[in-house]
Each structure stands twice: as structure tokens, then as C-alpha cells.
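> Here is my input; please provide its structure:
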Amino acid sequence: MTNEFTFGITTTHFDEDYSPSNSSRSTTNFANLARGDDRQQNLRTTLAMIDDRFNDLASSDNPKRDRYSVELEIVSIDLHLPSDGAYEAFPLIEILDTHIVDHQTGKRVHGIVGNNFSSYVRDYDFSVVLPKHSASASGLAVPRDFGDLHGKLFRHFLDSDAYVERFEKPPVICISVSSKETYRRTGNRHPVLGIEYDQDARSLTDHYFAKMGLNVRYFMPPGSVAPFAFYFVGDLTSDYSDLELIGLISTMEAFQKIYRPEIYNAHSPAPEVYRPKLENPDYSPVSVAYDREERGQLAIIQGKLAEERFMNPFHDVLERWAANYPLPTRQNAENQPA
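Down below sits the predicted model:
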């Protein structure tokens with residue numbers, strides 16, 4: 001049954017000349033930057049922020065802070081579904097792949113794949129399914145099967161020939177911590193990831209990513225002012241090199257400083273007990289044009305597009321496939337949000 005769905009992968013360089021394709025989600029971090037009259041300056045500023053932060057963290061044998069640069073590729077994953085004897089492609093996921101260039105040795109090494117994560121089906125779940133469920137007054141915060149299909153599709157992709165033939169390691173996804181949760185320092189410190197925090201309760205996003213087979217840990221890297229949520233398979237601190245982790249941190253910190261400056265470009269670092277606030281007035285904006293309100297509206301539009309082009313026309317085949325694709329055994333009832 002799992003062989004019904006196959007995946008196609010295409011890549012696009014993310015540089016100052018990047019222009020989003022018609023199939024890219026407009027809410028994606030990188031696509032959002034590459035719009036409007038300031039698009040090229042936005043991209044130049046973002047790429048410079050990434051390189052500067054990388055060299056700041058990779059300071060060994062790097063006295064001028066210019067030894068390294070980061071190259072980024074947008075990885076677009078299409079899901080090919082059976083349709084009237086043929087296969088129809090739907091743009092399922094977009095992630096980022098990193099390469100690290102060492103200008104001292106001339107070497108170019110592969111970094112971490114994942115970093116950013118965008119998904120039409122996730123837009124559908126959060127912008128279409130959740131509002132309908134909330135309006136139904138069923139008594140449950142979320143539907144019992146919330147995120148099941150998305151999680152199975154993602155894990156099927158990681159198991160696919162398309163992924164295994166191209167990437168040696170599982171992805172790591174790095175996003176902002178939740179402004180609805182409280183985080184506490186644990187006393188653990190990693191040389192690259194920094195100070196570890198834990199969360200009082202798992203968020204809806206944590207549960208959603210868990211259905212994708214991803215664990216979560218929260219770290220505030222050296223020089224950062226707030227922790228990040230790192231979602232991963234396996235062992236985050238052992239499976240990746242220092243340079244791989246630095247590439248991940250420098251890339252996603254740049255994006256979060258642009259999109260969440262109240263948290264990630266705040267003037268004071270997170271204390272031992274931390275509750276992120278988007279209303280924080282004590283921060284510096286980044287000189288990159290970004291419309292947060294528009295991005296939220298686009299998520300709704302794109303969730304409805306996924307409903308019309310994917311969920312409704314392929315409902316039967318998706319339901320049949322998902323019924324034969326089990327969730328991880330650790331996803332039992334007590335791990336689900338109330």
C-alpha cells in the first residue's frame with residue numbers, strides 16, 4: 001500500500017537572485033523575503049546575517065571572522081498520487097539544505113537538511129481543520145486524529161528512496177519557541193547548542209511534530225537571546241558535527257530575527273524561567289521588509305488551496321493509504337493534547 005505514493009525532489013539555490021516558483025508557498029520564510037521592491041536587498045541582508053553568525057560561532061582558527069560561508073538550497077518535495085491511471089504531483093513540503101564552504105581549506109561540506117519547514121497540509125490542518133473543530137464545540141481541544149495524515153506522509157518521505165538516495169542523515173527542523181508556553185533552564189549546556197531549556201507542557205506544535213516522528217529539545221545557543229525548538233530524529237547532540245549544527249543555528253536565527261525580532265532580537269537574554277512575548281517592546285527591528293499580518297492571511301488561503309487541490313479530490317485514496325500506515329508506537333493516548 002505504501003508504494004502507491006512516490007516523491008520527487010527539486011532544488012533551487014537560495015541566493016540574492018532567488019525568485020520563488022509558482023508552486024512555492026508564499027508564507028515560506030525564504031519566499032516571503034523575495035517579494036517586492038526590496039527583494040534583492042532583503043536577500044543580501046539575510047545571507048550576510050547567516051554568514052556573520054556562522055563565523056561568530058565557528059571562531060576557532062578564524063581570527064577575522066570570515067573563514068566560512070553558508071550556501072543554501074531550497075528542497076521542494078512533490079508527492080505523486082495515482083489519478084485516473086496516471087500520477088498527479090502535489091507540492092507537499094519545502095525544506096532547506098545547507099552546505100558550508102571553508103575558504104581557508106577550499107573544502108565544501110554538506111550541512112544539515114531541514115532547517116526551515118513548510119507544508120501545505122500543515123496549513124490545511126491549522127488554518128482549516130482547527131477552526132472548524134473549534135466551532136463544533138466537541139469538548140476536545142483538537143480532533144483525535146489531528147496531524148495523523150501529515151505525520152505519516154512525512155515519515156513515508158523520510159523512508160523513501162528519494163530521500164535516502166540524496167541525504168545521509170535525518171533532517172533537523174528549527175523553529176521559534178511558543179509564546180504560549182513557559183521554558184525553564186535545565187542546567188545542561190552544550191558547546192554549540194548552548195543552554196538547554198525544558199518546557200512546562202508540550203505545545204500543540206510539539207505534538208504535531210511528534211506525529212512526524214520528531215523529538216524536541218530547546219536550546220539557547222551562545223550569543224543568542226532566546227531558546228529555539230529543535231525537532232529531530234535520533235540524537236541531536238551526537239549525530240551531527242559542530243559545523244553542521246552551527247549551519248543550522250546561523251540559518252534559522254537569521255530568519256527568526258527577521259520574523260520574531262521581539263523574541264530573537266531582544267535587548268535582554270532569556271532568564272532562567274522564560275515566557276516569550278511578541279508584545280515585548282525592548283528589541284531592535286531588522287532592516288528587512290516583512291509583513292507578519294499578510295503572512296498569517298496567506299496561511300489561511302494556502303490551507304484552503306490544499307483542501308481544494310489535495311484533501312478533497314484525493315480523500316478516498318489518502319484515507320485508504322493512511323489506514324494501512326501505522327503511527328509510531330510511542331504516539332499513544334497519554335502523549336496527545338487534551
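
> CA only for contacts and neighbour counts going forward, please
Will do.

> ok, which stretches of the stretch 201-338 of the chain are helices?
For the stretch 201-338 of the chain, helices defined by DSSP state H, counting those that start in this stretch occupy the ranges 204-210, 242-259, 261-264, 292-306, 315-323.

> weakest of the ones you listed by average pLDDT?
Lowest mean pLDDT of the helices of the stretch 201-338 of the chain: helix 292-306, a mean of 78.

> if we can go back for a sec, need the helices of the stretch 201-338 of the chain in JSON lines (columns: distance to Leu236 and mean neighbour count).
Listed next are the helices of the stretch 201-338 of the chain as JSON lines, based on distance: least, CA to CA, whole Å; neighbours: other CA atoms under 10 Å:
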{"stretch": "helix 204-210", "distance to Leu236": "15", "mean neighbour count": "19"}
{"stretch": "helix 242-259", "distance to Leu236": "9", "mean neighbour count": "22"}
{"stretch": "helix 261-264", "distance to Leu236": "22", "mean neighbour count": "24"}
{"stretch": "helix 292-306", "distance to Leu236": "30", "mean neighbour count": "17"}
{"stretch": "helix 315-323", "distance to Leu236": "29", "mean neighbour count": "14"}
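
> wait, which of those helices is closest to Arg122?
helix 292-306 (7.6 Å; CA to CA).

> next helix or strand past the helix or strand bottoming out on mean pLDDT in the chain?
Across the helices and strands of the chain, mean pLDDT, DSSP states H and E gives its lowest value to helix 29-33, namely a mean of 61. Heading C-terminal from helix 29-33, the first helix or strand you meet, by DSSP states H and E, is helix 39-57.

> rewinding a little: could you dump the helices of the stretch 201-338 of the chain into JSON lines with distance to Ile9 added?
Output for these, formatted as JSON lines (distance: least, CA to CA, whole Å):
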{"stretch": "helix 204-210", "distance to Ile9": "21"}
{"stretch": "helix 242-259", "distance to Ile9": "21"}
{"stretch": "helix 261-264", "distance to Ile9": "32"}
{"stretch": "helix 292-306", "distance to Ile9": "19"}
{"stretch": "helix 315-323", "distance to Ile9": "21"}
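
> Which one of those helices lies nearest to Tyr231?
helix 204-210 (7.4 Å).

> what's the offset of the closest one from the middle of its chain?
Per CA atoms, centre = their mean, to the nearest Å, the displacement of helix 204-210 from the mean C-alpha position of its chain is 12 Å.

> got the CA positions of stretch 245-264 in CSV?
Extracted C-alpha coordinates of stretch 245-264, given in CSV (Å, rounded to 0.1, in the frame of the first residue of the first chain):
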residue,chain,number,x,y,z
LEU,A,245,24.8,22.4,14.0
ILE,A,246,26.4,25.9,13.5
GLY,A,247,25.0,26.0,10.0
LEU,A,248,21.5,25.2,11.3
ILE,A,249,21.7,27.8,14.1
SER,A,250,23.1,30.6,11.9
THR,A,251,20.5,30.0,9.2
MET,A,252,17.4,29.8,11.4
GLU,A,253,18.5,32.6,13.8
ALA,A,254,18.7,35.0,10.9
PHE,A,255,15.1,34.1,9.8
GLN,A,256,13.8,34.3,13.4
LYS,A,257,15.5,37.7,13.9
ILE,A,258,13.5,38.9,10.9
TYR,A,259,10.2,37.3,11.7
ARG,A,260,10.3,37.3,15.5
PRO,A,261,12.5,40.2,16.4
GLU,A,262,10.6,40.8,19.7
ILE,A,263,12.0,37.4,20.8
TYR,A,264,15.2,36.8,18.9
